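Q: Here you go, sequence then predicted model.
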Amino acid sequence: MNKTFSTRSMHKGISFLNPVDVDGDYYMHVTDYAIKYGYDELELIGPTHHGVKGNADGMIFSRKYAQFNDGKDAEYVNYCLDVVNKCTKKAHEHGIKNYFWHHELDLPNGFKEAFPEILNENGDIEVTHPIVKDYLENRVIDFFYSYPFMDGLVLTLHETKVPLLRLKNQKLDKIGRVKYVTKILYDTCKSLGKELIVRPFASLEEDYVMMTKAYEEISSEMVIMDKWTQFDWSLTAPHNSFFNKIKKNPLRVETDIFGEYFGKGRLPLMLKDHIQEKFEYCEKFNPVGYVSRIDRGGNHSFGDVNEVNLVIMHAVLAGLDVDEAILKFMTEKYGEEVAPEIKSIMDKTEEVLKKIIYLHGYYFSELSRFPRLNHSKNHFYFEMMKENFCIASEEWFIPKNWERGSLESVVEEKISACDMAKDLFERVKGLEDKIDKEEYQKLFKMFANLDLVARLWLTLTRSYIGYAKYFETQKEEYKNLFFDSLDKLDAINKEGVALLGNKFFPYDIDLNKSDMIGTFIEESKKSFDYEVKLTEKLKKENLTDFIVCGGANESHKLMKEVNFSDTIFVDDELVRICGNQKGLEWSMINAHGWFSYELKVKESAQNNVEIVCGTKGDSLDMKITLGENQTVIKEKIDGKKVISIPYSAKAGETSVRIRFDRLSGNTPYVYMIKVK
């Protein structure tokens, strides 16, 4: 597909440094690029998830709340004050507006200890407390005092130490909290002559509707910025139908033209079809502009073949012929003789990456890295390999009405990706003597990675099949497939490291700290051995049902809170937790996280549900909902505790759902569940 889009008056922006420390040289390069190609907005993201450097707090010295300055990285703040002001001043001189990304509710470490009066009975922040409001207002004031050439903030109400939508025992409901916090920032920005752009960034439709309604009630002039794919960045996610929920506010479309979830710039990717299809869809909503992410995790495409996506986006926004723009870029970079061949090779990359990273349209990757075992369990990769698989969680990465097809077709899709990747790699190697040596090495590394990654994902898929099918069938052939696949993963890992060093795709810059494949292999073997032994033991007890919680085979129509119910090893035993692993260390919210299973029960009989559990802390604080009955536990324990709950099943009732909710800062562990 190739179209020349008619242009209209709209804002054209770039978001960058996502989500990493400010780099002055790169910042200035992006600024110069924006000036050269006629962009009129720059959005600085910065290390939003860093506990000290992230968000507005991480770039300023507070004035009224100076007692928290000792917890800041003073060197980083001073660096930002220097380079950010230089770059924003230059951008302003060329008519470019500057915005900074900020997440709420974000409060400094030690804040609740300094002001204990702001805490509710859960030990969580009460959002409406006057001290919280005063702090939020003063932070905005201090930010624009420190960065006078910043024109506004881009607000996200998720991925924070205090997740606003998950707080419990608050004076305001969810929509009230969203409206309250957003209005504080909006009013403060407006009083300073600055703007507030809001990002719903919601994975649930009900949250999206609630948030857009809150924004509309604050001001119909406030710009809502949202992704052109629904939920998150994915080549197979649908167009963002949530745009229909924005009734009165201006829409700004956020795009990813770098490959945040499909390569992070380390794999070759030309998004010609993706960009044009999404742009054509978004234009139906007459957005006021587009802002494109151009990097991720310290990687960017300036200077390599993937820079073609910036060229494509610029051509689309400027109403230029896309194919002509691509060929011009290739010719200037590689020469007239080979430009058509490189363009032809790159034309195939979007298709091959989809086949590698997705499984028949299912999100089958972890942010373009080699997945962790915990991620694999939580995203149902083992469950989907069973004969009678059932994925009950309604999470954004699960396509509606998804059909797996046969396991043979699953493997065939990955084999096809391997064949395509190998062919493209061979074609690139044929260019060695036809282009500049440095440019050839860049292409070689990218397409070598593509070939390696295709084989990794094929082998990874086979490991999932072996693990899941062994528990389903007890056949040794599947156990052998599982362990053989892990051996092959190890062999490909060594091949990749030998060929590419720390440029090998699964390694995130530092080879010594990121052996993700080796970690996956070790954890998989440990999990498999543990699950086999415990399953064999439990089978001998002649139970009605049982679950090895945290195992790859736990299934039982697992439902959970997105990103907030992880599996971990505790003293060499698997558990599932109400909450996520990171939250065990840094979260400032206490009562969040849940998961549930569907248990088999004997109909028309008295059943006894036995739960083996523990806690991260000295108190087991958990609510258990079995069918319609709730059991609240808040007691000091040392080690494990067995909880028995009777359940009387009605006639015709063969199953019941059991749910676990976290109630405090002490994260509950659930080891196993038995139905007797």
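A: Received the coordinates, thanks. Residues are numbered from 1 along each chain as shown.

Q: CA-only coordinates of stretch 226-246, as CSV, when you get a sec.
A: Below are the C-alpha coordinates for stretch 226-246, written out as CSV (Å, rounded to 0.1, in the frame of the first residue of the first chain):
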residue,chain,number,x,y,z
ASP,A,226,-3.7,8.7,23.2
LYS,A,227,-2.0,5.9,21.3
TRP,A,228,-3.2,5.0,17.8
THR,A,229,-3.2,1.3,18.8
GLN,A,230,-5.7,0.3,21.5
PHE,A,231,-4.2,-0.4,25.0
ASP,A,232,-0.5,-0.3,24.1
TRP,A,233,2.1,-0.5,21.4
SER,A,234,1.6,-3.6,19.3
LEU,A,235,1.7,-4.3,15.6
THR,A,236,-1.3,-6.6,16.0
ALA,A,237,-3.4,-4.6,18.5
PRO,A,238,-6.5,-3.1,16.8
HIS,A,239,-7.0,0.6,15.9
ASN,A,240,-7.8,2.6,19.0
SER,A,241,-11.6,2.4,19.1
PHE,A,242,-11.5,4.3,22.4
PHE,A,243,-11.1,7.5,20.3
ASN,A,244,-14.9,7.3,20.0
LYS,A,245,-15.2,8.0,23.7
ILE,A,246,-13.6,11.4,23.4
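
Q: Give me the mean pLDDT for that stretch.
A: Along stretch 226-246, the predicted confidence averages to a pLDDT of 88.

Q: what about residue 160, distance to residue 118?
A: According to Cβ to Cβ, to the nearest Å, residue 160 stands 16 Å off from residue 118. (C-beta placed from N, C-alpha, C; glycine too.)

Q: no, scratch that, I was asking about residue 64
A: Here the criterion is Cβ to Cβ. By it, residue 64 lies 16 Å from residue 118.

Q: Near residue 537, how many residues? Count them for me, please.
A: Burial measure for residue 537: 12 neighbouring residues, criterion other Cβ atoms under 10 Å.

Q: so what does the strand or helix carrying it touch, helix or strand wise?
A: In this structure, residue 537 sits in helix 516-539 according to DSSP states H and E. Applying 3 or more Cβ pairs under 8 Å, 6 or more residues apart in numbering; DSSP states H and E, one finds that helix 516-539 contacts helix 373-378, helix 437-473, helix 476-500, strand 545-548, strand 573-577, strand 667-675.

Q: the bottom helix or strand of the chain by mean pLDDT?
A: strand 362-363 (a mean of 83; mean pLDDT, DSSP states H and E).

Q: Neighbouring strands of it in the sheet, and parallel or not?
A: strand 358-359 (antiparallel) (DSSP bridges).

Q: Which one of the helices and strands packed on helix 516-539 lies nearest to residue 147?
A: Taking Cβ to Cβ as the criterion, residue 147 comes closest to helix 437-473 out of the helices and strands packed on helix 516-539, the separation being 35.4 Å.

Q: contacts for stretch 299-314?
A: Contacts to stretch 299-314, defined as Cβ atoms under 8 Å, 6 or more residues apart in numbering, come from residues 16, 26, 29, 33, 37, 255, 257-259, 264-266, 268-272, 275-276, 290, 292, 294-295, 320, 322, 325-326, 329-330, 333, 342, 346, 442-443, 446.

Q: Filter those residues down to just the ones in helices.
A: Secondary structure of those is defined by DSSP state H; positions in helices are 26, 29, 33, 272, 275-276, 322, 325-326, 329-330, 333, 342, 346, 442-443, 446.

Q: Thanks a lot, see you next time.
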